[in-house]
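[1] Pasting a predicted model and its sequence here:
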Amino acid sequence: MSKAATKTATRKKATVNDLCQAMDNIAPPGLAQSWDNVGLILGDPHNQLKRVLLCIDLTTPVLKEAVRLRVGAILAYHPPIFKPLSRLVAGSADMASLVWECARSHIAIYATHTALDAAEGGANDVLAAMCGLKVSEPLEYMDQPGHSQCKVVTFVPAGAVQLVANAVFAAGAGHIGDYSHCSFRTPGQGSFFGHESTTPSVGKRGRDETVNETRLEFVTPQHKLPRVITAMLQSHPYEEPAFDIYPLQPTPVKGIGRVGTLPQPTTLGKLASKLKRIVSANCVQIVGNTSQPVKRIIVVVGAAGSLPFKTTLGKRDAVITGEIRHHDALAFDRIGCGAIALNHWTSERPILAPLAKQLAKAIPDVSFRISNADCEPFQRI
C-alpha cells in the first residue's frame, strides 16, 4: 500500500462535532444574544459527516432537499426551535414536525443566528461591505464570553515576594492568555503599629514600624479565588497580611450591527437601488426622500429592532436592515434619518456563500452546499 493510500485510510473521518468546533471558531455561540438559541440543536456529535446543507430557514422544501442530497446536517441561520417543545408529532403543522423528520432522517441541526450577526466577517460585516462602508464599528459592544477574572493585590516584605508568588501561581493565579506566572511588582514602604496581642514577623510590637515592601499584583479566575487567597495567606510571612481584590470587567467584543461611513456621499434612492441589485431583492422599502443625502450607514441584518439605537441618528444617516416596524419607521421619519428595508430573509442570505467557504476550508473532507429550496417567503406580484 502506498503512503498516500495509507494516509487516506488512517485519516480521521469528519463528524458533527467537527462542524460544531468549526462554528465555535467562526461564530462562537457566546456572541449570541441572551434570548437566542444557537449551537447544536439536534443530533449526535459523534455521527459521521459528509455533506452539510446551509440555509436561512428550515422549511419543508429545504428538508426535502436535505433528504434527497443525503446530508448529515443542516446549518440553519434561524434556530428552528426558540422555545422548549412540549411534543414532537409527525405531520403536525408546526416546526416540531420538521424537527421530528430531521431526527428520523438522522440529520443534525445547527443554528447560528445572532452569533453570526456579531462575529467578525459575519452577516452584518458582509452586508456592510456590500454597502461599501469604510471604518466599520459595531452598533453595540458586548462582554467577552468566558470566566470572570479578579486582580489580587498584596504587600509582601522584599525577601518573601517570590515565596508568595510561587504559592499563588501553584494555586492557579497568574495566567494571561498563553502566559503563566504573570505578576507586577512595585517597591514601596509599609507602616504599622503592633499592639500587645500581636507577634509581628518584622519589627517589634508597641512601636511604629516602617518596612520595605513590594506591591505584588496578579490576576486569577473568579472560581479559583478562594484557593488562591488561601495559598497567599499560608505563604505570607505576616500575621495579618493586607490585600485587595478587584473584579475585572471583561474586554468588550463586537456585538450586533455595524456603523460606518461611505467613501463618497450618495442619496438614499441610489443606495437603495444599488443594494436591491446586489442582493437580488424582490422589493425594497425606504423611509425618507430618495434624494436626501446619505453619508453614515447603520447596518442591522434581519430586523432593526426597536429604537432607540445605541447611537445618535442624524439627517445624513441611513439604517440598512431587513424589516422595520411601523412605529420605528415613523420615528426614523421624525428624526430625518433615512432607512432601507431589504426584507428579513434577503438581508441575511448573503452570508451563506462566505460561510460555506470558511467551513469548507476548516473541514475539507465535508461538502458544504447552499440550499436552492431556501427562499424569500414574501413574493412579489
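    Cool, got the structure.
[2] make it CA atoms for all contacts and neighbour counts henceforth
    Fine.
[3] who's in contact with Ile298?
    Shown in contact with Ile298 (CA atoms under 8 Å, 6 or more residues apart in numbering): 139, 257-260, 317-320.
[4] show me where the stretch 51-200 of the chain has strands.
    Ranges of strands within the stretch 51-200 of the chain are 51-55, 73-76, 108-111, 134-138, 141-143, 149-157, 184-193, based on DSSP state E, counting those that start in this stretch.
[5] What's the local residue count around Met232?
    In terms of burial, Met232 registers 23 neighbours under the definition other CA atoms under 10 Å.
[6] show me the contacts for it.
    If a contact means CA under 8 Å, 6+ apart, then Met232 has 164-165, 167-168 as its contacts.
[7] go with 10 Å
    Taking CA atoms under 10 Å, 6 or more residues apart in numbering as the criterion, Met232 is in contact with 152, 154, 163-169, 171, 226, 241, 243.
[8] Please check those and keep the buried ones.
    152, 154, 164-169, 171, 243 (16 or more other CA atoms under 10 Å).
[9] I'd like those written out as a markdown table, with pLDDT and distance to Lys274 added.
    Rendered in a markdown table, the data for those read as follows (pLDDT from 0 to 100; distance: CA to CA, whole Å):
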| residue | pLDDT | distance to Lys274 |
| --- | --- | --- |
| Val152 | 97 | 55 |
| Thr154 | 97 | 61 |
| Val164 | 97 | 64 |
| Ala165 | 97 | 61 |
| Asn166 | 97 | 62 |
| Ala167 | 97 | 63 |
| Val168 | 97 | 59 |
| Phe169 | 97 | 58 |
| Ala171 | 96 | 59 |
| Phe243 | 96 | 61 |
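[10] Specify which member of those is nearest to Leu275.
    Of all the buried ones among the contacts of Met232, the one sitting nearest Leu275 is Val152; the distance, using CA to CA, is 52.2 Å.
[11] out of the contacts of Ile298, what pair is the most spread apart?
    Using CA to CA, the two most remote members of these are Gly257 and Asp317, lying 14.4 Å apart.
[12] To what extent is the closest residue to Gly194 other than its chain neighbours buried, counted in neighbours?
    In this structure, Gly194 finds its nearest non-sequential neighbour in Arg205, 4.3 Å apart by CA to CA, 6 or more residues apart in numbering. Other residues lying near Arg205 total 17 when counted by other CA under 10 Å.
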